[in-house]
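1. What follows is a predicted protein model with its sequence.
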Amino acid sequence: EGVSERGAAAGGYRSRSARELSGAQRGAEVIGLRHVIDLIEVEFSKLSERFAETDEWDGGGFLSPIHWIRVNCHLGGGAAADRITVGEQLAGLPLTSAALDEGRIGFSHLALIARTSEAITDGPRPLHEGRLMTKGRALTVSQFRTAGPPERHPADPTDCPRARRGARAPVRAPPRPPDR
């Protein structure tokens, strides 16, 4: 019943009457809608993590819960893995969770912090969630990803993307063949 209620709410939103909005009003609506989507992504992540704990995915040729979610929920592998990781790590990220709830960060920032938390779980250094949150609020998602929090490299914090950047030539993609 919960899914049908959410589907009805989405249908109601999608069929709302068109109204004339200023650019600022449209911007506010875009931000508000994205925040709602982010909150729903968190709920999807919690459910995905609980689903991954079952053996329901282990059939029909699926290799993992990520594979099952990727195929059945029409997501890329990275997106499916992010959802499960967020579901697993969320309880241990109270500052990040609160920031998302308040609209100070979006789901993509949350996923990066959750991935960092997952990567260092057994490492020698603790996750400094407050410091990551400060950085996450100050940077776009792309900048935050590129900054490569040193926590992800606990054995050698200098071995992070920022430190390695100057050590090697940039990788360039080969030219794309013309469409035929």
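-> Good, I have the coordinates. Numbering: from 1, shown residues only.

2. Identify the residue spatially nearest to the residue minimising distance to the centre of the chain, adjacent ones excluded.
-> The residue lying closest to the centre of the chain (Cα atoms, centre = their mean) is residue 111, at 3.2 Å. Closest residue to residue 111 apart from its sequence neighbours, by Cβ to Cβ, 6 or more residues apart in numbering: residue 82 at 4.2 Å. C-betas here are computed from N, CA, C, even on glycine.

3. C-alpha coordinates for the helix or strand containing that neighbour, CSV please?
-> Residue 82 belongs to helix 77-89 when assigned by DSSP states H and E. Output in CSV follows, covering the C-alpha atoms of helix 77-89 (Å, rounded to 0.1, in the frame of the first residue of the first chain):
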residue,chain,number,x,y,z
GLY,A,77,26.0,-0.5,-11.3
GLY,A,78,27.6,2.4,-9.5
ALA,A,79,24.2,3.9,-8.7
ALA,A,80,22.9,0.6,-7.4
ALA,A,81,26.0,0.1,-5.2
ASP,A,82,25.7,3.7,-3.9
ARG,A,83,22.2,3.0,-2.8
ILE,A,84,23.1,-0.1,-0.8
THR,A,85,26.2,1.6,0.7
VAL,A,86,24.1,4.6,1.8
GLY,A,87,21.6,2.2,3.4
GLU,A,88,24.5,0.4,5.2
GLN,A,89,26.3,3.5,6.4
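
4. Just give me how far that helix sits from the chain centre.
-> Mean-position distance between helix 77-89 and its chain equals 7 Å (Cα atoms, centre = their mean, to the nearest Å).

5. ok, then the element right after that helix?
-> The helix or strand immediately downstream of helix 77-89 is helix 94-101, counting by DSSP H and E.

6. ok so, going back, which neighbouring elements make contact with the helix holding residue 82?
-> helix 23-52, helix 65-72, helix 107-120 (3 or more Cβ pairs under 8 Å, 6 or more residues apart in numbering; DSSP states H and E).

7. do that again at 10 Å, thanks
-> If you count contacts as 3 or more Cβ pairs under 10 Å, 6 or more residues apart in numbering; DSSP states H and E, helix 77-89 packs onto helix 23-52, helix 65-72, helix 94-101, helix 107-120.

8. buried set for it?
-> By 16 or more other Cβ atoms under 10 Å, the buried positions in helix 77-89 come out as 80-89.

9. What separation is there between the nearest residue to residue 68 once chain neighbours are set aside and residue 2?
-> What sits nearest to residue 68 in space, not counting adjacent residues and going by Cβ to Cβ, 6+ apart, is residue 57, at 3.6 Å. For residue 57, the distance to residue 2 equals 21 Å [Cβ to Cβ, to the nearest Å].
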